[in-house]
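K.L.:
generate coordinates for the sequence data below:
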Amino acid sequence: MTKPNVIVILADDLGYSDIAPFGGEMDTPNLDRLASRGVRMSSFYVTPRCSPSRAALLTGRHPHSVGIGVLTTDHRPNGYRGSLSLDAPTLAERLSEHGYINGLFGKWHLSSEHRTPSDTWPTRRGFDRFRGILPGASSFYQPPLVEQETRLSGDELGEGYYFTDDITASGEQFIREHASQSPFFLYMAYTAPHWPLQAREEEIAQYRDRFRKGWTALRTERLRRLDELGLVSGVDRLPPGHPTPDWSDDEADWQVERMAVYAAQVASLDQGVGRLLDALDETGAADDTIVLFLSDNGGCAEELPPGLDRFSELVCPRTTPDGREIVIGNDPAVMPGSDTTYQSYGRDWATVSNTPFRMWKRWVHEGGISTPFIASWPGGGIPAGGAISHSAGHVIDVVATVMDAVGGTHDTDGESLLSAWRHPSVVDHDRTLFWEHIGNAAVRRGSYKLVREWGSAWELYDISTDRSESEDLADGRPEMVEELAELWEAWAREHGVIPWEDFLRDLDARGISRARAVG
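P.N.:
Residues are numbered from 1 along each chain as shown. Purely as a prediction, here's the structure:
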C-alpha cells in the first residue's frame, strides 16, 4: 500500500459561511478549486476555541483529557496543565513511526511556555520542521517568529514581511523538497483571519465596497446561498440575537473597513492554498495527497478595547520595528489594516461570519463549533466534484481518519471519516458528540442537540430541522433533556472536565483575575 501524503490546512477564527464554497461573498478561487477536487462536510464540528481544537486535531482526543481545557495558561494544581500532555501522541509522532517526515508552519498554541524551548514545543512532539509562533496570536507584520527552536529577530524578517506569506512559502518549499521522498505530513496552521486586522492595501481595496449593504442584508444573502448549495437546507429564519441595526453614518466607513481587512486576510490565505495546490500538481504528488481544510472555531466576537494591556508584547507589540507607536484597540477614528493598528472586527461581523448559526467562538451553540470543511484525496477514492456529506464529523476524527488511510492503528476518541467522504450520499445520523468550554456545554445525539451557556438552563434543538437553534424544545421534552444531560455528565467525568464552578472558585481563592485566566 502506498502511504498518502497528508496536508491539514487550518484557518484561525474563520466563520462557517465566509468562503465561497460555503455560501460566502468573498473571492476564494483556490478553496473553490480544492472543493471541486473533493467533498464538503456540512456538519463538521470543532471545539469553540483555538487551543482545544488544535489539541483535539493532533491527538484525536477530547482536549480536557490532554491538558488543554481552556487555553495555554498552567492552572495547576486545580486546573488544566495548559500544555499538550506528553502521554498523548501527536499525529506527527504517530506518522513518524510509519516513515513520515513532518512539517508545521504557523501557529502552535499548545504550550504554556512561549519563550524557552521545552518538551512541549513542536520540534519535540514529532515535527521535523517548524517555523511559526508559539502563542495564540501575533502581529502579521512582526510576529515572534521561531525557526525550529531559535527565535528570530525582527531584522531577519525583511522589508514587506507578512506572516501569512511566510507560512505559505515555508509549506510550498516543504512540498517541493519532499514530494519525491514521500510520505510527508504538512500542518499549515495559518493565523488568518484571527485578529489583529492587518492586511496589504491591494487586497483590502478589492473589498471596500462589498460589505456596504450591512449586516442584515449580507446574512440574508448568505442564508439564500447556503440553501441553494444544499449545505444548510430548510432554514427559513435567522436565529434570535442577530446583529444590531446597521451602523450609523458616522461609523459606516470604519465598519466596512473592518470586514474588508478581514476579507483581505482570507484572500491572502486563499492565495496560499493555491500555491500549495500548484506545488502538488507540479511535483506530481496531487493524487497521492490527502488535503483537509477547516477552521479551528467559529467567527470571533471579541472586541479589543483601546489601550489593551492584557497581552504580552509577543502577542501585541507596542511599536513597529522602526519605532512608530501601534494604536491598540477598536477606535472608529482609526482605520484598521496597517502595521500601526491592532483591531478586531467585533460581534456583528462575527455574526455575519457564522450565518446562519447562533453565537460565536467560546460558545458551543452552532456558531462557535461549526466549521467549513473540505476533504480531497483523488487517489484514495474520494470523488471529485464538491459533493456534500451531511454525516456529522468532529475534529477528534482527524487522527483516526489519517491512520485509517495509512494503514495504522489508533487509540483515540474519534472515528474514521473515509467512508463518509468516499460515499457522501450515505448519511450517518447515529453519532453522539460532546463539548465543553469555560462552562458552556453541549451534547448532540443523532439529530437532537442539548446545549447551555454557562449559568443558564439547558436548551434542546432538533438540528436536522433547526440548525439555527431558533426553537427551544426543552420544556416539551423533559425526559430527553434529562437523558442527554446524564450522558453529558458521564462524558465530562470520563474525560477530565473540571466543573467550571470549581475552576472559578479556585481562581478566586488564589486572587487570579477570571478575565485574564480565560483569555
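
K.L.:
just to be sure, Ala392 is in a strand?
P.N.:
Yes. The assignment for Ala392, made by DSSP: H, G, I helix; E, B strand; the rest coil, places it in a strand.

K.L.:
which residues does it contact?
P.N.:
Counting by Cβ atoms under 8 Å, 6 or more residues apart in numbering, Ala392 makes contact with 43-45, 428-429, 431, 433, 444. Just so you know, the C-beta spots here come from the backbone N, C-alpha and C atoms, and that holds for glycine as well.

K.L.:
so how far is Ile369 from it?
P.N.:
11 Å (Cβ to Cβ, to the nearest Å).

K.L.:
other SSEs contacting the helix of greatest length in the chain?
P.N.:
The longest helix of the chain (DSSP state H) is helix 252-283. For helix 252-283, the packing partners by 3 or more Cβ pairs under 8 Å, 6 or more residues apart in numbering; DSSP states H and E come out as strand 5-11, helix 29-36, helix 163-178, helix 201-205, strand 289-295, helix 346-353.

K.L.:
same thing but at 6 Å, please
P.N.:
Secondary-structure packing of helix 252-283 (3 or more Cβ pairs under 6 Å, 6 or more residues apart in numbering; DSSP states H and E): helix 29-36, helix 163-178, helix 201-205.

K.L.:
tilt between it and strand 5-11?
P.N.:
180 degrees (axes from the mean of the first three to the mean of the last three Cα atoms, to 10 degrees).

K.L.:
quick one: helix 252-283 to helix 346-353, angle?
P.N.:
Taking the same axes, to 10 degrees, one finds helix 252-283 and helix 346-353 inclined to each other by 50 degrees.

K.L.:
in this protein, where is pLDDT below threshold?
P.N.:
1, 234, 236-237, 240-244, 516-517, 519 (pLDDT under 70).

K.L.:
so what's the residue nearest the centre of it closest to, chain neighbours aside?
P.N.:
The residue lying closest to the centre of the chain (Cα atoms, centre = their mean) is Asp296, at 1.4 Å. For Asp296, ignoring the flanking residues on the chain, the nearest one in space by Cβ to Cβ, 6 or more residues apart in numbering is Ser53 at 4.1 Å.

K.L.:
how about the one you found, phi and psi?
P.N.:
Note on Ser53: its backbone torsions stand at phi -60, psi -40 [degrees, to the nearest 10].

K.L.:
touching, it and Val46? I think so.
P.N.:
Yes. Taking Cβ atoms under 6 Å as the definition, Ser53 is a contact partner of Val46 at 4.4 Å.

K.L.:
picking up where we left off before, ok, which of the helices and strands packed on helix 252-283 comes nearest Arg467?
P.N.:
Across these, Arg467 has its closest neighbour in helix 29-36 (20.2 Å, Cβ to Cβ).

K.L.:
report the angle between the axes of the closest one and strand 289-295?
P.N.:
120 degrees.

K.L.:
where's helix 29-36 relative to the chain centroid, distance-wise?
P.N.:
18 Å (Cα atoms, centre = their mean, to the nearest Å).

K.L.:
hey, where'd the strands end up in the stretch 101-250 of the chain?
P.N.:
Using DSSP state E, counting those that start in this stretch, the strands assigned to the stretch 101-250 of the chain run over residues 101-107, 129-133, 146-147, 150-151, 184-189.

K.L.:
so for Ala88, which of the helices and strands packed on helix 252-283 sits nearest?
P.N.:
With Cβ to Cβ, the closest approach to Ala88 among these belongs to helix 163-178: 24.7 Å.

K.L.:
only alpha carbons, please: show that closest one as PDB.
P.N.:
Taking Å, rounded to 0.1, in the frame of the first residue of the first chain, the C-alpha atoms of helix 163-178 are listed here in PDB:
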ATOM      1  CA  PHE A 163       3.200  36.300   8.200                       C
ATOM      2  CA  THR A 164       0.600  34.500   6.000                       C
ATOM      3  CA  ASP A 165       3.000  34.700   3.100                       C
ATOM      4  CA  ASP A 166       5.800  33.200   5.300                       C
ATOM      5  CA  ILE A 167       3.600  30.300   6.300                       C
ATOM      6  CA  THR A 168       2.700  29.700   2.600                       C
ATOM      7  CA  ALA A 169       6.300  29.900   1.400                       C
ATOM      8  CA  SER A 170       7.500  27.500   4.000                       C
ATOM      9  CA  GLY A 171       4.800  25.000   3.200                       C
ATOM     10  CA  GLU A 172       5.300  25.200  -0.500                       C
ATOM     11  CA  GLN A 173       9.100  24.700  -0.100                       C
ATOM     12  CA  PHE A 174       8.400  21.700   2.200                       C
ATOM     13  CA  ILE A 175       6.200  20.100  -0.500                       C
ATOM     14  CA  ARG A 176       8.700  20.600  -3.300                       C
ATOM     15  CA  GLU A 177      11.600  19.200  -1.100                       C
ATOM     16  CA  HIS A 178       9.800  16.100   0.000                       C
END
